[in-house]
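> Below is the sequence, then the predicted model.
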Amino acid sequence: MKPTDIADPQYFHKVVDCQWACPAHTPVPEYIRRIAAGDYTGAYLINWKSNVFPGILGRTCDRPCEPACRRGRVEDEPVAICRLKRVAADYKSDVSAYMPGPVAKTNGKRIACIGAGPASLTVARDLAPLGYEVTVFDSEKQAGGFMRSQIPKFRLPDSVIDEEIGFVLNTGVTFRSGHRIDSMKRLLAEGYDAIFVGTGAPRGRDLDLPGRQEAAANIHIGIDWLASVAFGHITAIGRRVIVLGGGNTAMDCCRSSRRLGGEDVKVIVRSGFEEMKASPWEKEDAMHEGIPILNFMVPKTFEHENGRLTGMTFEKVRAVYDDKGRRSLVPTGEPDEFVACDDVLVAVGQENAFPWIEKDAGIAFDRWGLPVLGEKTFQSTLPHVFFGGDAAFGPKNIIWAVAHGHDAAISIDAYCRGADVADRPPPLMNLISQKMGIHEWSYDNAIVTDERFRVPLVANEVALRDIRKEVELGFDPKLGFAEAQRCLNCDVQTVFEAKLCIECDACVDICPMDCITFTADGEEEDLRTRLQAPARNLEQDLYVQDGLKTGRVMVKDEDVCLHCGMCAERCPTGAWDMQKSIIEMVHAGEACRSRA
């Protein structure tokens, strides 16, 4: 194998699994260390630079970082990365002095952002400090998009939304509230230098079943119903409620129903429990509040009497898999099941809707109704129009919308300067030794054995009486510190220098994970089988260095390394060192412009 090039910024980025998995590439270990040190403000600002909405995401993120967490490979559960983000937001000091304000002089370029959700707000946050005149349009009175209208207040209080959106709008962004864009061609005629579309996926899917029209008064589209609840237009629901769907919107619908008078609330899903799209913790929260989830039931009809909904009939099915692992649902042959109800909430998915973009506006759409875009640039077939968030590739979540916003802002900045939109700047990377002495390091490398700490909750009897009462109390500083100590500091790397090695095998002997091997070189497939412990995870690289006096190579399996530093402490010659890999994603601005 070729020696590993650790100067490649992608190499150690991939080793820091949590940061690699985060769509916005937040430097997770760095901000967790700040929390452990009590520097909540520093931890918040690290988050803010990457993900823009630390307090919001600390409550609502879909947590793609956590399944990647190295702690989850040696224990049952990963570090509570998401909830630690909230710790930084809850206990930070006043950060307004650190936030960018309006620039003294603009560059004369005008940008329109359609929709005031997370993607548009990220574009605005990145571009306004560069001198762009950014105008954000939204049909609602307040900015926030689906963060404000679709996420219940018992999960995300308005005060958190107001603060973090305020940081964006205070950069000099013009917010045109209550202004619905109903014609792309009219907006194009206003002469904006670039337009960003961040309108989300605003249309909830319906179910065209017998009885749908007759019982329409008590059948509600989930996302529309949640918005009506958020803005106070709906304050009650029937005693018996069926929620159709297995995603996070369904979980928000059923939990909201419990707070608005629903005593008998059921979630009914076509798929199996494990196949539901809802996050595991969202399902857990719903069941904690006494809401059963019924699986493998396919809706057939809405039952009604004289226009009044009385219930639904379901066909019972089971999952059958073919030899390629593809699933199909087949009837079990059991009798159909009738479930009585007073209201039904339909939360079976969301779709993009662009009725306001005229067919002859120059923007192409694919057969699924999604805009045809550059995969990395988010540029449409009309060169100065860009898309992001759910409007670009369909429904995902807030952190993906933020990532799209960062990438779109780079493209918009390049387009307005006449640079190559497809030229994406690589991340900035540096390695810094953490050595302070022979056996001392500038970070805490003790490996604690604590299991994941649970976030305290408000008691059900209190939470279910008030739809605006936040359920999760969050970690206090003591619990936050304890959870932060579970982090394995994956960004502090074991760096090997072959010319200093005397091949004494002390590092091999002391390694608790048997991840270091000195062996003859060979092809990767063969080499993986000859290590101290076979390296079976092909998604993680092998760290290989040659130049040893015996002609052997040093091989370390990055998949199971704990970054404990014991190899570096034991090495008598200093061939091993612990070096922090600083990986910083480049956003729109000077780092991009230096490449033009």
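Good, I have the coordinates.

> Burial check on residue 139, number of neighbours?
Neighbourhood size, residue 139 [other CB atoms under 10 Å]: 16. The C-beta positions use only the backbone N, C-alpha and C, and glycine is treated the same way.

> tell me the SS of it?
coil (DSSP: H, G, I helix; E, B strand; the rest coil).

> pLDDT wise, what is it at?
Predicted confidence (pLDDT) for residue 139: 94.

> show me the contacts for it.
By CB atoms under 8 Å, 6 or more residues apart in numbering, the contact set of residue 139 is 178-180.

> Go through those and give me the one with the most neighbours.
Most surrounded of these: other CB under 10 Å gives residue 179, at 14 neighbours.

> Settle this for me: that residue is touching residue 137, isn't it.
Yes - at 4.9 Å, residue 179 and residue 137 qualify as touching, with contact defined as CB atoms under 8 Å.

> so where's the longest helix in this protein?
When the chain is parsed with DSSP state H, its longest helix is helix 398-417.

> Could you pull out the buried residues of the helix or strand following it?
Downstream of helix 398-417, the first helix or strand assigned by DSSP states H and E is strand 428-433. Across strand 428-433, burial judged by 16 or more other CB atoms under 10 Å covers residue 429.

> mind listing which of the contacts of residue 139 are in helices?
Per DSSP H, the contacts of residue 139 never map to helices.

> Going by distance to residue 538, which of those residues wins?
Using CB to CB, residue 180 comes nearest to residue 538 of the contacts of residue 139, at 49.6 Å.

> How about that closest one, nearest residue that isn't a chain neighbour?
Nearest non-adjacent residue to residue 180, counting by CB to CB, 6 or more residues apart in numbering: residue 139, 3.9 Å away.

> same check, this time on residue 87
residue 480 (3.9 Å).

> That neighbour: how many residues sit nearby?
For residue 480, the neighbour count with other CB under 10 Å is 26.

> before we move on, what about the one 3 residues further on?
For residue 483, the neighbour count with other CB under 10 Å is 24.

> isn't it right next to residue 453, touching?
Yes - between residue 483 and residue 453 there is a contact at 4.9 Å, judged by CB under 8 Å.

> Now for those two: what residues contact both?
What both residue 483 and residue 453 touch, as defined by CB under 8 Å, 6+ apart, is the set 80, 475.

> Would you check how far apart the residue nearest to residue 180 and residue 185 are?
18 Å (CB to CB, to the nearest Å).

> thinking again about what came up before, can you redo the contacts of residue 139 as TSV with pLDDT and distance to residue 508?
Shown next, in TSV, are the contacts of residue 139 (pLDDT from 0 to 100; distance: CB to CB, whole Å):
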residue	pLDDT	distance to residue 508
178	94	67
179	95	66
180	94	66
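
> quick one: residue 242 is in a strand?
Yes - secondary structure of residue 242 (three-state DSSP): part of a strand.

> now the helices for the stretch 401-550 of the chain?
Using DSSP state H, counting those that start in this stretch, the helices found in the stretch 401-550 of the chain span residues 460-463, 477-484, 506-510, 524-527.

> So which other helices or strands are in contact with the last one?
Contact here means 3 or more CB pairs under 8 Å, 6 or more residues apart in numbering; DSSP states H and E; on that basis helix 524-527 packs against strand 542-545.

> Give the pairing partners of the strand it packs on; include direction for each.
With DSSP bridges as the test, strand 542-545 is paired with strand 553-557 (antiparallel).

> how about the residue nearest to the spatial centre of the chain, what does it touch?
Nearest to the mean C-alpha position of the chain, by CA atoms, centre = their mean, lies residue 399 at 3.6 Å. By CB under 8 Å, 6+ apart, residue 399 lies in contact with 22-24, 51, 57, 61-62, 64.
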